[in-house]
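S.K.: Kindly generate the corresponding structure for this input.
(2 chains)
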Amino acid sequence: MVDANKQDRLTVGLGLAAAVMAGICWFYGLRFAPTDQAQGEVYRILYFHVPSAFTAFLFSALLMFFSIWTLFKRSPGGALWAKATAEVGLIFTIITLMTGSIWGRPTWGVWWDWDARLTTTLILALLYAGYLIFTSSMAPGPSRDRMAAALGVIIAIDVPIIYKSVTWWRTLHQPPSLMRQGGSTMDPAMVRTLMMCWAAMTLLAVWMLWTRAVNLRLQQRIEEHSHGVHN
Amino acid sequence: MKRFFTQYRAMLWQNLQVEWTNSERWLSPLLFSATMILLFAFSFGQVKQEFLPQLFIAATFLTAFFSLQIAFSRVLEPDMQDRVFEQLRTYPVSPSAWFLSKYTIVILLGILILIPTLFLSNLFLNETGAPLLSSGLFLIGLGSLLSLGALGVLLSTMMLRSNAKQILYPLIYFPLTTPVLLSAVESSRAILVDGKDLSYLLSSWLGLLVIFGIMYFTLCLLLFGELVKPE
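M.R.: This is a model prediction of the structure:
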């Protein structure tokens, strides 16, 4: 019981730290970061949009890690973390799509376009959703864990290639201004703020992942006691 | 090695017999393909000569991908009858031989669907009779089939125990096929519209198709063994 209380306090503490850090970073980005020459104030959504996108793609790498762990170690724990990763990844992909759409309206004049980055991100959201529906549609057990892990590996390996191939195809989205040959084209103050926002967003995502994994673990224990699965 | 080939030949022969005795399994995707082409031809009506190659490529590949998806999703259905699938899992059968026999069947079924689709598309969409069919186009189609076949077998195995496979299969299959669809469409466009040859394309879109083919085949071959391991 003491351990559970300690864990609860740690979870709440980490969540509060992430929320405060994110609040400070976004406030700084909205209030103090320099104004963009071309886009004016509207660009400030970047401090929410880009970190969400980075986090969503980072979580596809985490999904691969946990999937490989499940396949090699035959551990239900790995499958549980993989599922939590896909759930949090889906949330951040949806945030990326929504903020991108909001940003696109004043800059491109449309809420949505079949642009490379938008299409890629939508594909990622579909893959995360497919993975989650797949895991929910099967009876719990080692067989489901292995199949979900195989799917997780395929999805994670596909993401960078889909990302690149659609970019090669056609794009309305601006080319990378941060990670490009010849250095960043952004103001150093903007880059610093963006990196802080990304760190805050990642911390928030890690907290969500941790909380969800704990919940899933509890759910798994209840299932084990109720139905005798994972014997 | 001899044992591997014996197992491969035996399973392939058994699969061929099953497919041969039940022609509905390859006829229904083919009829679906003919219906789709007719719908495309009807909905587009008279098309300007300069847009014809683009329409031809888009309609043909979309139709082929949809029809192949139907064929792929049913590839393990015969094994589920009389618990053959469960028995094979417990026998000392090489998973690679099992996978390769299914892969060969999928490729044969795919060819039975893909080639008539190309001819039907040319017949219904190409009213002017311009020479759109070429050996290059057939090779691109075959390349796409080789890439998608492996993915088809793996996803079909994953979906065996899923309660929502009718929805899930296309939901996962289509996002994963994006790079193959893109490279097949762009390669065909380069041949038909820009007049490029295959050797030129190997360093660009066709190269991506080949890379994808190799990656999917290797990954699916490795993961298939994990999926069919007895619990």
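S.K.: alpha carbons only for contacts and neighbour counts from here, please
M.R.: Fine.
S.K.: Okay, now the unreliable bits of chain A?
M.R.: Across chain A, the ranges flagged by pLDDT under 70 are A:1-2, A:116, A:162-163, A:165-185, A:227-231.
S.K.: My error: substitute chain B in the last question.
M.R.: In chain B (pLDDT under 70), the answer is B:129-130, B:231.
S.K.: Okay, the most centrally placed residue in it and chain A: tell me how far apart.
M.R.: Centroid-nearest residue in chain B: residue B:145, 4.1 Å away (criterion: Cα atoms, centre = their mean). As for residue B:145, its distance to chain A is 18 Å (criterion: Cα to the nearest Cα, to the nearest Å).
S.K.: Could you tell me how many residues sit around residue 161?
M.R.: Picked chain A for this. 16 (other Cα atoms under 10 Å in any protein chain shown).
S.K.: hm, I was asking about chain B
M.R.: By other Cα under 10 Å, the residues close to residue B:161 number 16.
S.K.: That one and chain A, how far apart?
M.R.: With Cα to the nearest Cα as the criterion, residue B:161 and chain A are 7 Å apart.
S.K.: isn't there a strand covering that residue?
M.R.: No - under the criterion used here (DSSP: H, G, I helix; E, B strand; the rest coil), residue B:161 is coil, not part of a strand.
S.K.: In this structure residue B:159 contacts residue B:165, no?
M.R.: Yes - if you go by Cα atoms under 8 Å, residue B:159 and residue B:165 touch, sitting 5.5 Å apart.
S.K.: so how far is stretch A:213-227 from its chain's centroid?
M.R.: Centre-to-centre, stretch A:213-227 and its host chain are 24 Å apart (Cα atoms, centre = their mean, to the nearest Å).
S.K.: For residue A:99, which residues are in contact?
M.R.: Applying Cα atoms under 8 Å, 6 or more residues apart in numbering or on different chains, we find residue A:99 in contact with A:45, A:48-49.
S.K.: State which helix of the chain is the longest.
M.R.: The chain I'm using is chain A. Longest helix in chain A, counting residues (DSSP state H): helix A:188-227.
S.K.: switch to chain B, that's the one I care about
M.R.: helix B:95-125.
S.K.: elements contacting the helix or strand where residue B:145 lies?
M.R.: Assigned by DSSP states H and E, residue B:145 belongs to helix B:135-159. Other elements packing on helix B:135-159 under the criterion 3 or more Cα pairs under 8 Å, 6 or more residues apart in numbering or on different chains; DSSP states H and E are helix B:52-73, helix B:95-125, helix B:165-192, helix B:205-228.
S.K.: between these, which one is nearest to residue A:153?
M.R.: Closest to residue A:153 of these is helix B:205-228 (Cα to Cα; 8.8 Å).
S.K.: What are the boundaries of the strands in chain A?
M.R.: Remark: no strands are assigned in chain A by DSSP state E.
S.K.: Could you list the residues of chain B in contact with chain A?
M.R.: Residues of chain B lying close to chain A (Cα under 8 Å from any Cα of the partner chain) are B:158, B:161-164, B:168, B:171-172, B:175-176, B:178-179, B:182, B:219, B:223, B:226-227, B:231.
S.K.: how does it look with 7 Å?
M.R.: B:158, B:161-164, B:168, B:171-172, B:175-176, B:178-179, B:223, B:226-227 (Cα under 7 Å from any Cα of the partner chain).
S.K.: and those, which are buried?
M.R.: B:158, B:161-162, B:168, B:171-172, B:175-176, B:178-179, B:223, B:226-227 (16 or more other Cα atoms under 10 Å in any protein chain shown).
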